[in-house]
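Peer 1: Predicted model, plus sequence, below.
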Amino acid sequence: MFKKLFGKKETAPAEETITAPVNGKVVPIEEVPDPTFGQKMIGDGLAVEPTDGHIVAPVSGKIVQVFPTKHAFGIETASGAELLIHIGLETVAMNGEGFTAHVKEGDTISVGDPIIDFDVELVKEKAAHTITPVVLTNPDRYSLEKQQNSEAMAGKTALFTIRAK
């Protein structure tokens, strides 16, 4: 209320760190065996080959979309960066089987909050791959600095840092 009265604005952070959404091995986005991700058609980022099925928030922000099949979700950060986290490849065909969402569109989240749990073995059986891309979908507005980590701990290991251009 006082901010409106006295004209003070909250400023967006100058940079934000995006952490791993799941435990596992960090993989360059170019190595994701799907052209949509590997050729950066929807943006740049990194991917994680999961060792478990617990997806957490990689950054604080707002859930802008949870796909009906629960295989992917979108986050908008405080600075306006838009992230897509896509669990596995060709998992949309599973129609939500083996996926449990803990959030819904409009929820405010903090780093490490539970987002989705999924059955890794079922994804291995029914989908093309378990690899989980983390993509900045509005890279025209941000620079992206990738970290050089080989193993990731969900909600703790930095994947990349973004800065508004």
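Peer 2: Sure thing, it's come through. Just so we're clear, the structure is a prediction, and the values are computed from it rather than from any experiment. Numbers count the residues shown, from 1 in each chain.
Peer 1: Every contact and neighbour count from this point should use C-alpha atoms.
Peer 2: Fine.
Peer 1: pLDDT weak spots in this protein?
Peer 2: Along the chain, segments meeting pLDDT under 70 span 1-12.
Peer 1: where exactly do the helices run in it?
Peer 2: Here the chain has its helices, by DSSP state H, at 2-6, 35-38, 120-126.
Peer 1: Next, the buried residues of the second one.
Peer 2: Buried positions in helix 35-38, judged by neighbour count with 16 or more other Cα atoms under 10 Å: Phe37, Gly38.
Peer 1: Need the residues that contact it.
Peer 2: Applying Cα atoms under 8 Å, 6 or more residues apart in numbering, the contact partners of helix 35-38 are Ile29, Glu30, Glu31, Val32, Met41, Ile42, Gly43, Asp44, Pro133.
Peer 1: cool, and the longest one?
Peer 2: Outside helix 120-126, the residues within contact range by Cα under 8 Å, 6+ apart are Asp52, Gly53, Gly88, Thr91, Met94, Gly98, His129, Thr130.
Peer 1: doesn't Ile87 make contact with Thr132?
Peer 2: Yes. Contact between Thr132 and Ile87 holds when scored by Cα atoms under 8 Å: they sit 4.6 Å apart.
Peer 1: quick one, which of the two is more surrounded?
Peer 2: Ile87 (31 against 27; other Cα atoms under 10 Å).
Peer 1: residues in contact with that one?
Peer 2: For Ile87, the contacting residues are His71, Ala72, Thr130, Ile131, Thr132, Pro133, by Cα under 8 Å, 6+ apart.
Peer 1: rerun at 6 Å
Peer 2: Applying Cα atoms under 6 Å, 6 or more residues apart in numbering, one finds that Ile87 lies in contact with His71, Ala72, Thr132.
Peer 1: distance of the closest residue to the second one other than its chain neighbours from Thr36?
Peer 2: Read that as Ala72. What sits nearest to Ala72 in space, not counting adjacent residues and going by Cα to Cα, 6 or more residues apart in numbering, is His86, at 4.3 Å. Plainly put, His86 is 11 Å away from Thr36 if you go by Cα to Cα, to the nearest Å.
Peer 1: coming back round to it: hmm, which two among the contacts of helix 120-126 are most spread apart?
Peer 2: Asp52 and Met94 (18.0 Å; Cα to Cα).
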